[in-house]
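Participant: predicted model follows, preceded by the sequence.
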Amino acid sequence: MPESRRASAIHTPPPGAPHARALLGHALLDADFLRDPYPTYRVLREAEPLVWSDEFFGGAWLMSRHADVEMVLRDTRFSAQRAGGWVMRTEESRTELRGFQRLFARAMIFLDAPDHTRVRQVLATGFRPSDLQRLTPRIERAVAERLDAADPARIFDFVAALARPLPAQVIGMLMGLDDEPSDFVAWSDELAVFIGAADPSQAQALRAQAALLAMARYFESLLARRRAALDRGGDARDDVIERLVQAERSGAIHGSAELMAQCVMLLFAGHETTRHLLANGLRLLLAHPDAWHSLRRDPALLPGAVRELLRYDCPVQYTGRRVVTDLELHGQSLRRGDLVVALIGAANRDPARHERPDELDIERRAGAPLAFGLGPHACIGAALTLMEAQTVFAQVIGRWPDLALVPPSAAAWTGNPLYRGVTELHLQPATLLAGQPRSAPTLPPRFTEAHPETACKP
């Protein structure tokens, strides 16, 4: 039986507001959209700068043009504090989802200044270039070990072999986890279903809460050990968890709930979008032979290629903001509390910003895409994501220069409108020298540099 929807509050647009369903002639979130959203984005972008859709959280404004999406990400009239309207939407939710809301609403991605600034300053100490450089050899070994496990004589699923497990392993390294929780990927999947649903059901919310609280229990034990070690005067560990515990003691992190919220959401956010970039990025490169061959000839193109993959088919398709005060925009009246959905995927294909936006051009010299966002909520882990992607693609190209999709046209999409990715990617390493991997190309020295205009989560 299909899951019942939550009886969420229905928001109505002002009279005369253009409706997405009327412009399209059908529902926006249909099967065609979930397979390929870009034709729909084009219709919306060309029709109106601001349209209403009742398919997102009971009603929301959609923005699809680059200039508008960029403005929303920077403008303080649009608030990131939207978790309450997301989780606590009914009386039933307020009773059953209190634990979820307690952690969810305290995560940095759902905070505004000054709390956001305070928490971000703490977390940023774990993503310094020196931290990432120190992590580089471990990431390279982890990638090599996972690729070594693939049988070069057989077809293998790249998602299962590397794209799903590697990002969790890497964010665990950075955070300083003593061990990777065995159920983490399953917990992450439940959270992604809830966060990625345009109108999540109560059942989805309850499963996401169970996953979030399970992650919290894992961190509760880890944090207790770390606090005890500090109390004993043990040697401080140079990782994100240690810095968060120290920040809690200094008052920069306000209490155990805020500390726990950063831990669980950092672990989730550091994994979910990177896994889709790895799988979908490799699929796109193999589906565009000119791009693949260019990278084989010149690995120095990798940094730009990864940014172009992020522009062309972004792992995070949109983000939300709440209107802080009544305002007029593009002739429409936006009311305090209205939800605005900034369609990042649509903005990245806006011809007003990018020439030939529907072409994949790994030598494109345009500015950074919005895949990692802009403004105060720029993704704190963008440089880590870029490093992972470039490391993976460099090693794959070096080992299997004649790698092929099996079959070439297959793409099993997640069906999630927010997180765009494939659930499996079957590959055939076509030729190897005596079954031995070739050496990976040398990456350019700038591949671990942070980009000033990047952000990652919804």
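Facilitator: Cool, the structure landed.

Participant: buried stuff in stretch 286-298?
Facilitator: 286, 288, 291-292, 294-295 (16 or more other C-beta atoms under 10 Å). Just so you know, the C-beta spots here come from the backbone N, C-alpha and C atoms, and that holds for glycine as well.

Participant: taking these one by one, which sit in helices?
Facilitator: In this view, the buried residues of stretch 286-298 that belong to helices under DSSP state H are 286, 291-292, 294-295.

Participant: contacting residues for S64?
Facilitator: S64 sits next to 41, 44-45, 49, 51, 343, 346-347, 350 when contact means C-beta atoms under 8 Å, 6 or more residues apart in numbering.

Participant: which one of these sits closest to T136?
Facilitator: Minimum distance to T136 across these is 31.6 Å, recorded for A347 (C-beta to C-beta).

Participant: mind checking how far the closest one is from Q317?
Facilitator: To Q317, A347 is 10 Å away according to C-beta to C-beta, to the nearest Å.

Participant: quick one: residues contacting A216.
Facilitator: By C-beta under 8 Å, 6+ apart, the residues touching A216 are 103, 260, 263-264.

Participant: what subset of the residues you listed is buried?
Facilitator: Counted by 16+ other C-beta under 10 Å, the contacts of A216 give 103, 260, 263-264 as buried.

Participant: okay, those residues in a markdown table with distance to D313 and pLDDT next?
Facilitator: Formatted as a markdown table, the buried ones among the contacts of A216 follow (distance: C-beta to C-beta, whole Å; pLDDT from 0 to 100):
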| residue | distance to D313 | pLDDT |
| --- | --- | --- |
| L103 | 31 | 84 |
| M260 | 34 | 93 |
| C263 | 30 | 93 |
| V264 | 28 | 91 |
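
Participant: about what we covered before: which one of the ones in helices among the buried residues of stretch 286-298 sits closest to F33?
Facilitator: Using C-beta to C-beta, L286 comes nearest to F33 of these, at 24.1 Å.

Participant: just to check, that closest one is in contact with D402?
Facilitator: No. With contact defined as C-beta atoms under 8 Å, L286 does not reach D402; the gap is 10.4 Å.

Participant: what segments of the chain are strands?
Facilitator: In the chain, strands defined by DSSP state E lie at 50-53, 60-63, 78-79, 156-157, 319-323, 327-329, 332-334, 339-342, 404-405, 426-428, listed in chain order.

Participant: just name the most buried of those strands.
Facilitator: Most buried of these by mean neighbour count (mean count of other C-beta atoms under 10 Å) is strand 60-63; its value is a mean of 26.

Participant: show me what that one pairs with in its sheet, parallel or antiparallel.
Facilitator: Strand 60-63 pairs in its sheet with strand 50-53 (antiparallel), strand 339-342 (parallel), by DSSP bridges.

Participant: quick one, grab the pLDDT at P444.
Facilitator: Note for P444: predicted pLDDT of 43.

Participant: doesn't M265 make contact with M215?
Facilitator: No. Counting by C-beta under 8 Å, M215 stays clear of M265, with 9.1 Å between them.

Participant: distance of the most centrally placed residue in the chain relative to C379?
Facilitator: For the chain, the residue nearest the mean C-alpha position is T273 (3.3 Å; C-alpha atoms, centre = their mean). Using C-beta to C-beta, we find T273 at a distance of 9 Å from C379.

Participant: gap between the two ends of stretch 311-328?
Facilitator: Terminal residues of stretch 311-328 lie 30 Å apart, using C-alpha to C-alpha, to the nearest Å.

Participant: and what of stretch 231-250?
Facilitator: 14 Å.

Participant: any buried residues in that stretch, and which?
Facilitator: 239-248.

Participant: can you redo those residues as CSV with pLDDT and distance to S79?
Facilitator: Listed next are the buried residues of stretch 231-250 as CSV, based on pLDDT from 0 to 100; distance: C-beta to C-beta, whole Å:
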residue, pLDDT, distance to S79
D239, 89, 31
V240, 93, 26
I241, 93, 29
E242, 93, 31
R243, 93, 27
L244, 94, 25
V245, 94, 29
Q246, 93, 29
A247, 95, 24
E248, 94, 25
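
Participant: among these, name the ones in helices.
Facilitator: Those of the buried residues of stretch 231-250 mapping onto helices are 240-248, per DSSP H.

Participant: just those residues now: which is nearest P357?
Facilitator: Using C-beta to C-beta, V240 is the member of those that lies nearest P357, at 36.4 Å.

Participant: so what's the residue count around the residue lying closest to the closest one once chain neighbours are set aside?
Facilitator: Distance criterion C-beta to C-beta, 6 or more residues apart in numbering; nearest residue to V240, sequence neighbours excluded, is G126 at 3.6 Å. Each residue near G126 was counted by other C-beta atoms under 10 Å, and the total is 22.
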